[in-house]
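Q: could you look at this predicted model? Sequence included:
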Amino acid sequence: MKHLVFALVALTSCASWKQKDFVKELNKPSEEINASGVVSTPTDAKLLEKFEVQTVEEKKEDKVVVEKSVSIKPAVKVSPKKNQKKKILDTLVKETAPLPKDYPQELIDINSRAKKVWDVYQPNHHIGQTVYLDIHYLGMTVGKIVLINKGKKVVNDKEVWHFHARFKSAPFYSKIYELDDTVDTFVTTDSFLSNRYSLVQRESKQDIDDLQLHDRDQLTTFWFYRQKRSGEKEKNKKVEKPMPYFSTDPFSVVFFYQGLPLKNGDIYEIPLVNKGKILILKSQVEGRETIETEKGKRKAIRVHATTKYTGETLKSGDLYFWFSDDQQRTFLKAQAKIKIGSVTADIVNK
C-alpha cells in the first residue's frame with residue numbers, strides 16, 4: 001500500500017522546498033519501464049506486445065493499415081441503468097473467458113464480494129486533472145507528489161485511462177538519499193479494471209523496474225521485476241499467478257474512489273493485485289468534515305482503509321484518505337500511521 005501515497009516513509013530532515021522548483025523538476029523526463037532485463041522467452045515478448053500502450057490515434061491508424069475491423073473493446077459493457085441487473089459473476093467471467101484450470105475457489109469468493117463494489121461504480125474521471133501534494137513527517141516537508149490523469153490510451157485493444165504519478169524527495173534529503181519514483185497505471189474506461197501497472201524507482205542506492213500485466217482473458221497476473229543495488233548482482237523475477245476478475249492496482253484505487261457513492265457508513269472491499277499477491281483493501285466511509293488545506297477550507301469525505309493479504313493482515317497500519325465532498329471527488333489528503341507518528345500528504349497549490 002505504500003505506493004498509494006508513494007514514499008510515505010520515515011524521511012527526516014528540514015528545509016523548505018518551493019512548489020515552482022518541484023514543477024520545474026517534473027519537466028525533466030522520467031525513465032520508462034524497462035522489462036528487457038527479465039524478458040527471456042518469445043512468450044514474454046508476445047505478452048509485452050499484447051499490453052503495449054498505444055494512443056487512440058495509433059489504434060485508428062492500425063485499422064487502416066491492417067484493413068480489417070479492429071475495434072477498441074471494452075472489458076465489460078457497463079450501463080448505469082443496468083448496474084444492478086448485471087449477470088452473476090460466474091456467468092460474466094465465463095462470457096469473457098473460461099475459468100482457468102485449478103482456478104482457486106478463494107478467488108471466486110473474492111470476485112463475488114468485489115462485484116458488489118463494481119456494481120455501484122460510475123465513471124467519474126477528468127482528463128488533465130492534476131493534484132500536487134506535499135509529504136510531511138514530524139512537521140517537515142520531506143517530498144512532493146503529483147497525480148495526473150493523462151487521458152485515454154489503448155492497451156490490449158481496450159480503451160483505458162492513463163493515471164500517472166511522480167514522487168521526488170526534497171533537495172535537502174536528496175543529499176543523504178535521493179528518491180525519484182514514477183508510477184503509471186492503465187484501467188479500462190468503462191468498468192475500471194486495471195490491466196497494466198508500472199513502478200520505476202531511481203534512488204541513490206538502487207534502481208527498480210516493476211511491471212505488472214493483468215490479463216483478464218486468462219484471469220492471470222504477470223509480474224516482471226528488476227532490482228539493481230550498488231555493489232550487488234542484479235536481481236530479476238518473473239511471477240505468474242491467478243487473479244480476481246474484479247480488481248485494480250495499489251495506485252489506481254485512489255481514482256477508483258472517485259467513482260464510488262461514498263455515502264456515510266459505506267463499506268467497500270476492493271481487491272488489489274500487486275506482485276502476484278491479492279491485497280484486500282477494506283474501506284469505510286467515516287463521514288463528512290471540513291479540513292484546512294493550502295487552498296483554504298474544504299468540505300471533505302473521510303475514508304478509513306485497512307489492508308490485508310489473503311489470510312494475513314499487514315503490519316503497515318491504518319490508512320486515511322480525504323476526498324472533496326463534491327462531484328469532482330478531488331484527492332485532498334492521505335495519512336498513514338507508522339511506528340513513530342504518522343506521514344501525511346496534503347494538497348497544495350501549483
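A: It's in. Since this is a predicted model, take the numbers as computed values, not measurements.

Q: so Leu107, which state does it fall into?
A: Secondary structure, DSSP: H, G, I helix; E, B strand; the rest coil: Leu107 is helix.

Q: low-confidence ranges, the stretch 151-300 of the chain, go.
A: Residue ranges of the stretch 151-300 of the chain with pLDDT under 70: 172-176.

Q: do that again at 90, thanks
A: 167-180, 201-206, 217, 229-232, 294-295 (pLDDT under 90).

Q: what about the strands in it?
A: Applying DSSP state E, counting those that start in this stretch to the stretch 151-300 of the chain gives strands spanning 158-169, 179-188, 194-203, 206-215, 220-229, 235-242, 267-274, 277-293, 296-309.

Q: can you list those in a markdown table and add mean neighbour count?
A: Just so you know, the C-beta spots here come from the backbone N, C-alpha and C atoms, and that holds for glycine as well. Formatted as a markdown table, the strands of the stretch 151-300 of the chain follow (neighbours: other Cβ atoms under 10 Å):
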| stretch | mean neighbour count |
| --- | --- |
| strand 158-169 | 22 |
| strand 179-188 | 23 |
| strand 194-203 | 22 |
| strand 206-215 | 20 |
| strand 220-229 | 20 |
| strand 235-242 | 14 |
| strand 267-274 | 20 |
| strand 277-293 | 16 |
| strand 296-309 | 16 |
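
Q: mind putting the ones you listed in TSV, distance to Thr141 included?
A: Below are these laid out as TSV (distance: least, Cβ to Cβ, whole Å):
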stretch	distance to Thr141
strand 158-169	10
strand 179-188	14
strand 194-203	19
strand 206-215	24
strand 220-229	28
strand 235-242	33
strand 267-274	28
strand 277-293	14
strand 296-309	19
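
Q: between those strands, which one is closest to Asp134.
A: Nearest of the strands of the stretch 151-300 of the chain to Asp134, taken as Cβ to Cβ: strand 277-293 at 10.3 Å.

Q: then the closest one to CSV, C-alphas only?
A: Taking C-alpha atoms only, strand 277-293 is exported to CSV below (Å, rounded to 0.1, in the frame of the first residue of the first chain):
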residue,chain,number,x,y,z
LYS,A,277,-0.4,-11.3,-4.4
ILE,A,278,-4.0,-10.3,-3.7
LEU,A,279,-4.4,-7.4,-1.3
ILE,A,280,-7.9,-6.7,0.1
LEU,A,281,-8.5,-3.0,0.9
LYS,A,282,-11.4,-2.7,3.3
SER,A,283,-12.6,0.9,3.2
GLN,A,284,-15.2,2.5,5.4
VAL,A,285,-16.6,6.0,4.8
GLU,A,286,-16.4,7.5,8.2
GLY,A,287,-18.2,10.8,7.4
ARG,A,288,-18.0,14.4,6.3
GLU,A,289,-15.9,17.1,7.8
THR,A,290,-14.2,20.4,6.9
ILE,A,291,-10.4,20.3,6.7
GLU,A,292,-7.7,23.0,6.3
THR,A,293,-5.6,22.9,3.2
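
Q: who is Lys152 paired with across the strands?
A: Trp161 (DSSP bridges).

Q: now it: how far from Val160?
A: 7 Å (Cβ to Cβ, to the nearest Å).

Q: again, but for Leu332
A: 25 Å.

Q: circling back to that earlier point, quickly list what's touching both of Lys152 and Val160.
A: The contact sets of Lys152 and Val160 overlap at Thr189 (Cβ atoms under 8 Å, 6 or more residues apart in numbering).

Q: burial check on the closest residue to Thr221 other than its chain neighbours, number of neighbours?
A: Ranked by Cβ to Cβ, 6 or more residues apart in numbering and with sequence neighbours excluded, the top spatial neighbour of Thr221 is Met243, at 4.2 Å. Neighbourhood size, Met243 [other Cβ atoms under 10 Å]: 26.

Q: do Lys263 as well
A: Around Lys263 there are 9 other residues, counting by other Cβ under 10 Å.

Q: so how far is Asn274 from the nearest residue to it once chain neighbours are set aside?
A: Leaving aside its sequence neighbours, Lys263 sits nearest to Val285 (Cβ to Cβ, 6+ apart; 6.3 Å). Separation of Val285 from Asn274 (Cβ to Cβ) stands at 23 Å.

Q: same check on Gln218?
A: Separation of Gln218 from Asn274 (Cβ to Cβ) stands at 18 Å.

Q: returning to what we had before: tell me the bridge partners for the residue nearest to Lys263.
A: Beta-bridge pairing of Val285 under DSSP bridges involves Val303.

Q: is the residue nearest to Thr330 when sequence neighbours are not counted in a bridge, and if so with what?
A: Nearest residue to Thr330, sequence neighbours excluded (Cβ to Cβ, 6+ apart): Ser324, at 4.1 Å. On the basis of DSSP bridges, Ser324 is bridged to Ala300.

Q: show me what contacts Ser324?
A: With Cβ under 8 Å, 6+ apart, Ser324 has these contacts: 298-301, 330, 332.

Q: alright, I will stop here.
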